[in-house]
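Visitor: Mind looking at a prediction? Sequence and model below.
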Amino acid sequence: MANDAQTSINIPQILAVAVVGFLAIRWFMSKPSSSSGPTSAASSRSRNNIDPAKIQAVSAVFPQLDQRSIAWDLQRNGGNVEATMERVLGGRGLESPPPSFQPTLPTPPAAANDSATSSGARKVTGQPDLITRYGLQSKVGGKGKEPVPSEEQKRGGWSADKHARADALKRRREDMILAARRKMEEKERQA
């Protein structure tokens with residue numbers, strides 16, 4: 001009877017107590033401090049910090065897109081620039097970010113790009129514009145009306161003479177450049 005009153009501890013009980021104790025200590029140690037606000041704010045800030053170079057890369061290819069929308073899409077897909085570009089090229093567009101999403105956007109390069117675009121990026125890069133490159137200054141001074149093509153030009157066709165083909169292609173190139181310039185000037189007048 002003395003043996004029944006005496007309890008013994010066996011190995012499975014010791015292991016169970018050790019595992020439960022270890023898990024309890026680990027749970028208490030990994031628990032955030034009593035003020036969980038700053039910790040959650042810090043984690044949300046780290047999620048909102050997207051590499052500005054990635055935003056600039058997408059913005060350089062698609063300047064019409066809002067940088068906040070680009071940052072939102074990059075944050076949602078883990079910073080994958082290719083996925084964001086594929087989404088835009090696929091015609092799906094980018095979702096507008098929620099008002100609470102306020103990323104740090106690269107402002108100085110964007111301001112420099114805006115001023116360069118408004119003043120003419122061609123002069124900044126040092127390359128002449130197409131009018132200067134192809135010597136079309138004399139044709140630009142007109143009222144902007146399309147030249148009436150002759151019957152031979154309307155007929156077009158591929159000439160057997162190499163020089164005639166080169167002249168026709170040169171004329172078409174000049175007409176396209178001048179037409180694009182007229183459209184650009186018309187848009188600037190409307191804006």
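Guide: In hand now; what should we look at? Residues are numbered from 1 along each chain as shown.
Visitor: Do a quick rundown of the helices in this structure.
Guide: Using DSSP state H, the helices assigned to the chain run over residues 2-5, 11-30, 36-48, 52-61, 67-76, 81-89, 107-119, 121-125, 130-133, 137-140, 151-155, 162-190.
Visitor: buried ones in the last one?
Guide: With burial defined by 16 or more other CB atoms under 10 Å, the residues of helix 162-190 counted as buried are 168, 174, 177, 178, 181, 182. Where C-beta positions appear, they are placed from N, C-alpha and C, glycine not excepted.
Visitor: and what of the fifth one?
Guide: By neighbour count with 16+ other CB under 10 Å, helix 67-76 contains the buried residues 67, 68, 69, 70, 71, 72, 73, 74, 75.
Visitor: Spell out which residues make up each domain of the protein.
Guide: Per automatic domain parsing, the domain ranges recorded for the chain read 46-106, 127-190.
Visitor: Out of those, flag the one nearest residue 27.
Guide: Between residue 27 and these, the shortest separation by CB to CB is 23.6 Å, and it involves domain 46-106.
Visitor: Please work out the average pLDDT along the closest one.
Guide: For domain 46-106, mean pLDDT rounds to 84.
Visitor: what do you get for stretch 182-189?
Guide: 87.
Visitor: what residues are up against residue 77?
Guide: Residue 77 makes contact with 83, 84, according to CB atoms under 8 Å, 6 or more residues apart in numbering.
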